[in-house]
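Enquirer: need a structure here:
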Amino acid sequence: MRVSEMLRDRFATSRLTVPYNWFCTFTLALVAIGCGGGTSSVAPPPPPPPPPAAATPAFWPVPGSYSQTQAGQMVTLTDATAAATIYYATDGTTPTTSSTVYANPITITATATIKAIATASGFSTSAVASGSYTLTLPGTGPTVAVVVTTDDQTRKLTAQPSVSFSTASGGSNVVYMDETEVYQPIEGFGAATTDTAMYNLIEIAKAKQPAQFTQAVSDLFTRQGNGIGLSFLRNPMGASDLARSVYSFDDNNGTADPTLANFSIAHDQADIIPFLLLAKAANPQIKIMANPWSPPGWMKTSNSMIGGSLLATPTTVYDSFSNYFVQYIQAYKSAGITIDYISLQNEPLFVPSNYPGMCMPATSTSTDCASSTDQQTALFGHVLPALSAANLTTKVLVYDHNWDRGDYPQNVLVANQANLSQIAGVAWHGYGGTPGVMTVIHNMFPTIGQYETEHSGFVTNADQASIDFPEIIQNMRNWARAFVKWSLSVDENQGPHTGGCSTCSPIALVNSSTGNITYSIEYYTLGHFSKYVLPGANRVFSSNAQGIVTAAFVNPATDKVLVAYNTSAATQTFEVQWGTQSFTYTLPALAAATFTWSGTQGAGVPAYTVSAKSQIQASSFNSTAGLNVPANYQTWGLETELTSDTNGGFDVGFASDGNYAVYKNVDFGTGVTGVTARLACQQSPGNCGGTLEFHLDSNAGTLIASVTIPSTGGFQTWQTTAPVAVSGASGVHDLYVVFRAPASGTTSLGNLNWFQFN
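Expert: Now for the predicted structure:
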């Protein structure tokens with residue numbers, strides 16, 4: 001009996017008259033229970049909160065579909081709660097703490113569903129995790145090696161269980177690969193050997209951590225072990241925006257030296273040349289591009305390496321400028337280093353205020369910046385003749401600036417198309433515009449190459465991997481022969497440097513105090529390509545799929561490489577169709593995989609067929625062209641760009657009247673009745689209301705459908721059109737999708753993401 005009950009009964013038995021409030025006050029003092037009658041009460045202490053649940057177990061590889069090998073698929077379970085115990089079941093039942101304890105990867109050899117829970121001291125049991133795996137039968141085709149990088153960076157260029165090809169075709173989300181359709185040769189992937197990078201690696205890392213430095217040279221330039229095999233380096237001629245001081249190779253205390261009598265590369269002999277020799281020894285296939293951020297100040301209107309433009313008078317300044325390149329190339333050759341390419345000026349349309357730079361417009365009639373000198377005159381009138389007179393085989397890359405000014409290389413080259421033998425190509429940077437412009441410039445000048453020569457990562461980017469993977473793939477799909485990051489190294493403060501970029505991220509990070517070397521995520525994103533796609537490889541055709549973008553290659557030894565990236569926020573399963581064989585794979589959101597294999601593409605004419613009833617990604621075109629008006633690059637085809645539409649990927653746009661894309665081997669079967677398209681258009685500054693025409697076998701072939709391009713309110717505001725009737729389409733055809741302009745104007749006609757027949 002409780003004390004309060006005993007007192008209550010005692011008072012009741014003795015018939016004593018006790019005030020109610022006195023009784024409550026007395027009993028509250030004893031047992032702290034609440035009473036009415038207007039007095040304050042004290043609530044009982046709340047029960048302790050339940051323990052938090054343990055983290056839900058995670059699966060790797062992610063649940064999905066895979067092409068099985070003889071060894072089966074190994075599934076790993078992990079849990080984020082410390083010291084958690086995982087219990088699982090594979091028979092479809094919900095696991096309990098009496099189920100099997102997870103200790104080793106689970107081998108599955110057929111379709112299975114794994115369910116798992118986790119427990120841990122101080123935690124309640126987790127929610128049930130469920131993962132279903134669909135495995136095809138073991139294939140008899142080539143075995144495919146797989147490496148993966150995930151967006152959470154728990155896996156970075158990490159080997160996965162292999163998959164295998166089987167004799168099969170079709171699927172709901174297919175990537176088609178055809179190695180008989182060959183595009184550009186690949187020269188390499190790399191970064192810039194800035195003064196900052198070389199100081200960090202030679203004077204800090206090599207001095208303080210010699211063993212780490214030696215390993216880093218192997219990691220960066222070989223493919224042994226963890227090596228990623230970088231094979232294209234950009235070497236600044238003098239100070240850049242990542243340099244410890246402002247210097248050229250003939251400063252001469254600001255006094256003019258037109259004969260370059262005081263030219264010297266002594267600065268580079270301390271750090272840069274020794275490193276380049278080590279890199280070339282590790283990878284003899286390395287190609288080197290060199291270019292100035294500014295020539296010596298005495299050659300310029302500013303009399304400084306900062307600002308200004310090349311002097312127009314006396315006329316000998318053009319020749320001094322040209323001989324500056326000649327002496328540099330010769331001096332490097334004497335040091336044992338071949339300079340394969342030069343460009344005349346880094347970012348010629350940008351004149352920085354706190355690091356070297358120079359205005360160099362495309363032609364004498366350009367009005368982009370204040371200059372009486374220009375690249376076309378310097379190049380064809382002086383630099384190329386000087387290189388030829390010195391018997392130098394170094395070739396030139398024009399422009400060396402952003403994708404948003406395709407008119408610059410067009411204007412430099414268009415009047416000199418008969419004199420391009422010493423022009424290797426066009427150099428591009430990634431800070432504006434879209435890589436798609438490289439395709440239309442390639443169409444205008446098909447005998448020269450396209451090179452992406454700079455795009456830095458930034459420490460301010462929240463997810464650099466999700467920027468790198470689609471960008472490198474899009475570069476490769478648009479004729480790039482090289483992809484070059486910015487500085488090979490910086491320290492923990494993104495330096496040291498004078499002026500310039502204070503947020504640029506490197507491939508290798510050197511701690512300025514200890515000399516320790518670590519690698520950024522860019523080492524791994526670049527490595528997905530540089531480690532497996534060898535110099536001399538050729539890009540070949542591959543399509544994109546829903547949520548998946550790809551680039552495919554055949555190496556000199558004929559082994560095959562396919563890089564795929566999931567641009568969507570959801571897991572994506574896709575099938576890779578190669579000739580008459582295929583395999584299936586599942587990628588988590590924002591993850592990349594590189595697939596490599598050997599073998600012969602299966603026979604088949606055509607090599608593949610695409611079902612017209614599948615969703616065909618517009619960016620999967622085999623080729624693009626247009627009305628091809630001389631001196632108007634925008635009429636030479638369509639450009640791809642990143643899209644913010646569902647599942648990400650690339651759309652096709654920058655459309656002018658008559659621009660078209662070609663999709664080979666589209667199978668209409670016995671016929672289709674309608675077509676829908678995913679379109680976006682902004683009326684101002686665009687011209688919406690034109691049509692998207694579908695033709696068979698040529699851009700003037702049988703017209704089977706015409707879709708009106710709606711005004712959607714933005715070039716990334718997407719709308720799926722209502723089905724439009726199709727007539728006259730059956731069997732297998734090459735499909736030509738043509739943009740036609742409305743009366744309001746002939747450019748900016750809208751963007752196309754995908755289309756589908758039904």
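Enquirer: next one: stretch 694-714 to chain centre, how far?
Expert: Between the centre of stretch 694-714 and the centre of its chain there are 31 Å (CA atoms, centre = their mean, to the nearest Å).
Enquirer: Now the terminal residues of it, how far apart.
Expert: Terminal residues of stretch 694-714 are spaced 24 Å apart (CA to CA, to the nearest Å).
Enquirer: now stretch 281-289
Expert: 17 Å.
Enquirer: ok, residues contacting it?
Expert: 187-188, 190, 217-218, 220-222, 229-235, 276, 279-280, 337-343, 397, 427, 451, 453, 482, 484, 534-535 (CB atoms under 8 Å, 6 or more residues apart in numbering). In short, each C-beta sits where N, CA and C put it, glycine included.
Enquirer: Could you give me the buried positions within that stretch?
Expert: In terms of neighbour count (16 or more other CB atoms under 10 Å), stretch 281-289 has its buried residues at Ala282, Asn283, Ile286, Lys287, Ile288, Met289.
Enquirer: Repeat that for stretch 212-224.
Expert: For stretch 212-224, using 16+ other CB under 10 Å, the buried residues are Gln212, Phe213, Ala216, Val217, Ser218, Asp219, Leu220, Phe221, Thr222, Arg223.
Enquirer: next one: phi and psi at the closest residue to Ala424 other than its chain neighbours?
Expert: Leaving aside its chain neighbours, Ala424 sits nearest to Lys395 (3.8 Å; criterion: CB to CB, 6 or more residues apart in numbering). Main-chain torsions, Lys395, degrees, to the nearest 10: phi -110, psi 170.
Enquirer: hey, where'd the helices end up in the stretch 301-450 of the chain?
Expert: Applying DSSP state H, counting those that start in this stretch to the stretch 301-450 of the chain gives helices spanning 316-334, 375-378, 384-389, 407-413, 437-444.
Enquirer: Next, format these as TSV and append mean pLDDT.
Expert: Shown next, in TSV, are the helices of the stretch 301-450 of the chain (pLDDT from 0 to 100):
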stretch	mean pLDDT
helix 316-334	97
helix 375-378	98
helix 384-389	98
helix 407-413	98
helix 437-444	98
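Enquirer: Out of the ones you listed, flag the one nearest Val144.
Expert: Nearest to Val144, of all the helices of the stretch 301-450 of the chain, is helix 437-444, at 28.9 Å by CB to CB.
Enquirer: got the CA positions of the closest one in CSV?
Expert: What follows is helix 437-444, C-alpha atoms only, in CSV (Å, rounded to 0.1, in the frame of the first residue of the first chain):
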residue,chain,number,x,y,z
VAL,A,437,31.3,24.5,-80.3
MET,A,438,34.3,22.3,-81.1
THR,A,439,32.2,20.1,-83.3
VAL,A,440,31.1,23.0,-85.6
ILE,A,441,34.6,24.4,-85.8
HIS,A,442,35.8,20.9,-86.6
ASN,A,443,33.2,20.9,-89.4
MET,A,444,34.6,24.2,-90.7
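Enquirer: who's in contact with it?
Expert: 184, 403-404, 406, 409-410, 413-414, 426, 428, 450, 452, 475, 478-480, 624-625, 628, 633-634, 636-640, 654.
Enquirer: if you set the cut-off to 7 Å instead, what comes out?
Expert: 403, 406, 409-410, 426, 428, 450, 478-480, 624-625, 633, 636-637, 639 (CB atoms under 7 Å, 6 or more residues apart in numbering).
Enquirer: Can you add distance to Pro57 and mean neighbour count and give the helices of the stretch 301-450 of the chain back as a markdown table?
Expert: Formatted as a markdown table, the helices of the stretch 301-450 of the chain follow (distance: least, CB to CB, whole Å; neighbours: other CB atoms under 10 Å):
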| stretch | distance to Pro57 | mean neighbour count |
| --- | --- | --- |
| helix 316-334 | 57 | 19 |
| helix 375-378 | 60 | 21 |
| helix 384-389 | 63 | 16 |
| helix 407-413 | 54 | 24 |
| helix 437-444 | 45 | 25 |
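Enquirer: Make JSON lines out of those and add distance to Phe739.
Expert: Output for the helices of the stretch 301-450 of the chain, formatted as JSON lines (distance: least, CB to CB, whole Å):
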{"stretch": "helix 316-334", "distance to Phe739": "43"}
{"stretch": "helix 375-378", "distance to Phe739": "31"}
{"stretch": "helix 384-389", "distance to Phe739": "38"}
{"stretch": "helix 407-413", "distance to Phe739": "20"}
{"stretch": "helix 437-444", "distance to Phe739": "14"}
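Enquirer: Ok, which of those helices comes nearest Ser99?
Expert: Ser99 lies closest, by CB to CB, to one member of the helices of the stretch 301-450 of the chain: helix 437-444, at 55.6 Å.
Enquirer: And that closest one, how far out from the chain middle?
Expert: With CA atoms, centre = their mean, you get 20 Å for helix 437-444.
Enquirer: go on, stretch 171-190?
Expert: Going by CA atoms, centre = their mean, where stretch 171-190 is centred and where its chain is centred differ by 16 Å.
Enquirer: Show me what the mean pLDDT comes to for that stretch.
Expert: Stretch 171-190 carries an average pLDDT of 97.
Enquirer: ok, now stretch 85-92?
Expert: 95.
Enquirer: Can I get it as CSV, trimmed to CA atoms?
Expert: Extracted C-alpha coordinates of stretch 85-92, given in CSV (Å, rounded to 0.1, in the frame of the first residue of the first chain):
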residue,chain,number,x,y,z
THR,A,85,26.4,-6.0,-36.3
ILE,A,86,24.6,-6.7,-39.5
TYR,A,87,22.1,-9.6,-39.9
TYR,A,88,20.8,-10.5,-43.3
ALA,A,89,18.6,-13.0,-45.2
THR,A,90,18.6,-13.9,-48.9
ASP,A,91,15.3,-15.9,-49.0
GLY,A,92,13.0,-12.8,-49.1
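Enquirer: And it, what's buried?
Expert: Thr85, Ile86, Tyr87, Tyr88, Ala89, Thr90.
Enquirer: same check, this time on stretch 678-694
Expert: In terms of neighbour count (16+ other CB under 10 Å), stretch 678-694 has its buried residues at 678-683, 686-694.
Enquirer: out of these, which one sits closest to Gly500?
Expert: Of all the buried residues of stretch 678-694, Gly500 sits closest to Gln682, with 35.9 Å by CB to CB.
Enquirer: Got the phi and psi for His528?
Expert: phi -60, psi -20.
Enquirer: Check which helix or strand the residue nearest to it when sequence neighbours are not counted maps to.
Expert: Closest residue to His528 apart from its sequence neighbours, by CB to CB, 6+ apart: Thr594 at 4.8 Å. Using DSSP states H and E, Thr594 falls within strand 592-597.
Enquirer: returning to what we had before: got a ChimeraX select line for the buried ones in the contacts of stretch 281-289?
Expert: Command for ChimeraX that selects the buried part of the contacts of stretch 281-289, burial taken from 16+ other CB under 10 Å:
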select :187,188,190,217,218,220,221,222,229,230,231,232,233,234,235,276,279,280,337,339,340,341,342,343,397,427,451,453,482,484,534,535
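Enquirer: The contacts of stretch 281-289 in helices, which ones?
Expert: Val217, Ser218, Leu220, Phe221, Leu276, Ala279, Lys280 (DSSP state H).
Enquirer: List the contacts of the fourth one.
Expert: Listed by CB under 7 Å, 6+ apart, the contact partners of Phe221 are Gly227, Gly229, Leu230, Ala279, Ala282, Asn283, Ile286.
Enquirer: again, only using 8 Å
Expert: So Phe221 contacts Gly227, Gly229, Leu230, Ser231, Ala279, Ala282, Asn283, Ile286 (CB under 8 Å, 6+ apart).
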